[in-house]
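Student: Only the shape, not the letters, is given here:
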């Protein structure tokens, strides 16, 4: 099992550009989550999904979009990147919430 | 509102010394409790969890944590720290109902001196 994988590991974006952060899990977990981690702030939930075709907003969804067409994949879309979106992004999955398993993260810089 | 507080932002200990990382939570019911560790440049790894039952739980890498309901605390301990334990440690509370979200503390960064 690879667990939760994320690509890319690092990315630099210019203001106004868009990109998709990829997240895949091979554990057949129904629940998937996207978090952002800012220094000294812990992790904040952006979006979550309880199964294919079902997504909902977390605490900090503005500026992001998600889709869940399969159980395995949960991509996070950034439209019109802003410096405030500079952060480390973590994807997680769960079979039995609230216990979650995390990917290695994507470090994003917007300049 | 639910919250998790980790009072210590940074802690430095000597290798071989004991360690206790503090975690306090605010929640109306008994929550699910977790400790995660994040090594530099890595994702979060689950150290241990408490759902119910024995209030002293054992985890990986020689860590343990004790749930104290009266103090709303879930402190992480290790009797003898190794240099490889240097990392950031996050306490998290899992809320029942809805999508069972996790609320994280701000983290405690541990440095280990040789």
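Tutor: Received the coordinates, thanks. Just so it is clear, the model here is predicted, and its values are computed rather than measured.
Student: tally of neighbours for residue B:29?
Tutor: 8 (other CB atoms under 10 Å in any protein chain shown). Yep, even glycine has a C-beta here, placed from its N, CA and C like the rest.
Student: Can you give me the pLDDT of it?
Tutor: You'll see residue B:29 listed with a pLDDT of 77.
Student: For residue B:30, which non-adjacent residue is spatially closest?
Tutor: residue B:69 (6.9 Å; CB to CB, 6 or more residues apart in numbering or on different chains).
Student: Surely that neighbour touches residue B:31?
Tutor: No - distance between residue B:69 and residue B:31: 10.3 Å, which falls outside the contact criterion (CB atoms under 8 Å).
Student: Who has more neighbours out of those two?
Tutor: In this view residue B:69 and residue B:31 are compared by other CB under 10 Å, and residue B:31 has more residues nearby, 24 against 9.
Student: got a list of what that one touches?
Tutor: Taking CB atoms under 8 Å, 6 or more residues apart in numbering or on different chains, we find residue B:31 in contact with B:2, B:25, B:93-96.
Student: out of the residues you listed, which are buried?
Tutor: Burial by neighbour count, 16 or more other CB atoms under 10 Å in any protein chain shown: within the contacts of residue B:31 this picks out B:25, B:93-95.
Student: What separation do you get for the residue nearest to residue B:30 and chain A?
Tutor: Taking CB to the nearest CB, to the nearest Å as the measure, residue B:69 falls 18 Å from chain A.
Student: So what does that residue look like in phi/psi?
Tutor: With angles defined as degrees, to the nearest 10, residue B:69 sits at phi -60, psi -40.
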